[in-house]
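Participant: Dropping a prediction and its sequence here:
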Amino acid sequence: MAKLSEVKFTFATQKVLYTFEERLEQLKRYREDHGHIVVPRFAKGYGQGLGKWVQQQRVKYKLNKKGNYTTLTPERQQKLEEIGMVWSILKPAQHRAERQPWDIRYEQFLEFKRENGHT
């Protein structure tokens, strides 16, 4: 550890904690920049862990629907819905692509590349 300390190695990072209101403002800024709030899990530039926080709100929403208590109050849920929160980002089963074995999808990939000249 002494050698790592000599080169100023960071052993732990400081986790930044945000209030719900701060996260809501970050989410509004993300929406202004991207036109939606389907935030990638590792989105950068909007506060540490915004994408993960959005995903956690979806989990809390589902738990609330099952009757479990979470910190996602009806008021917070409404605030998120007012800015366009998407609670489920998975397509319904009837709209998903049919599952195919890997080798078939690989052949489709090669065909796409031949027809379009790129991947």
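Facilitator: Perfect, thanks for sending it.
Participant: rest of the way, CA atoms for contacts and neighbours
Facilitator: Fine.
Participant: Can I get stretch 46-53 as CSV, trimmed to CA atoms?
Facilitator: The C-alpha trace of stretch 46-53 is given here as CSV (Å, rounded to 0.1, in the frame of the first residue of the first chain):
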residue,chain,number,x,y,z
TYR,A,46,-25.7,15.2,-15.4
GLY,A,47,-24.5,14.3,-11.9
GLN,A,48,-22.9,11.1,-10.8
GLY,A,49,-25.1,8.1,-11.4
LEU,A,50,-28.2,9.8,-12.9
GLY,A,51,-29.0,6.8,-15.2
LYS,A,52,-28.8,4.4,-12.3
TRP,A,53,-31.0,6.7,-10.2
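Participant: how distant is it from the center of its chain?
Facilitator: Its chain's C-alpha centre and that of stretch 46-53 lie 8 Å apart, by Cα atoms, centre = their mean, to the nearest Å.
Participant: what comes into contact with that stretch?
Facilitator: For stretch 46-53, the surrounding residues in contact (Cα atoms under 8 Å, 6 or more residues apart in numbering) are 16, 23, 26-27, 29-30, 39-43.
Participant: And these, which is closest to His118?
Facilitator: The closest of the contacts of stretch 46-53 to His118 turns out to be Pro40 (Cα to Cα; 24.8 Å).
Participant: I'd like to know how far the closest one sits from Gly51.
Facilitator: Separation of Pro40 from Gly51 (Cα to Cα, to the nearest Å) stands at 5 Å.
Participant: Between those two, tell me which one has more neighbours.
Facilitator: Gly51 (20 against 13; other Cα atoms under 10 Å).
Participant: does that one sit in a helix or strand, and which one?
Facilitator: In the assignment (DSSP states H and E), Gly51 maps to helix 50-65.
Participant: returning to that earlier point: if you rank the contacts of stretch 46-53 by neighbours, which is first?
Facilitator: Greatest neighbour count in the contacts of stretch 46-53, by other Cα under 10 Å, goes to Leu27: 25 neighbours.
Participant: Over to that one. Which of the three states is it?
Facilitator: Following DSSP: H, G, I helix; E, B strand; the rest coil, we place Leu27 in the helix state.
Participant: got it, and the one 3 residues further on?
Facilitator: Following three-state DSSP, we place Tyr30 in the helix state.
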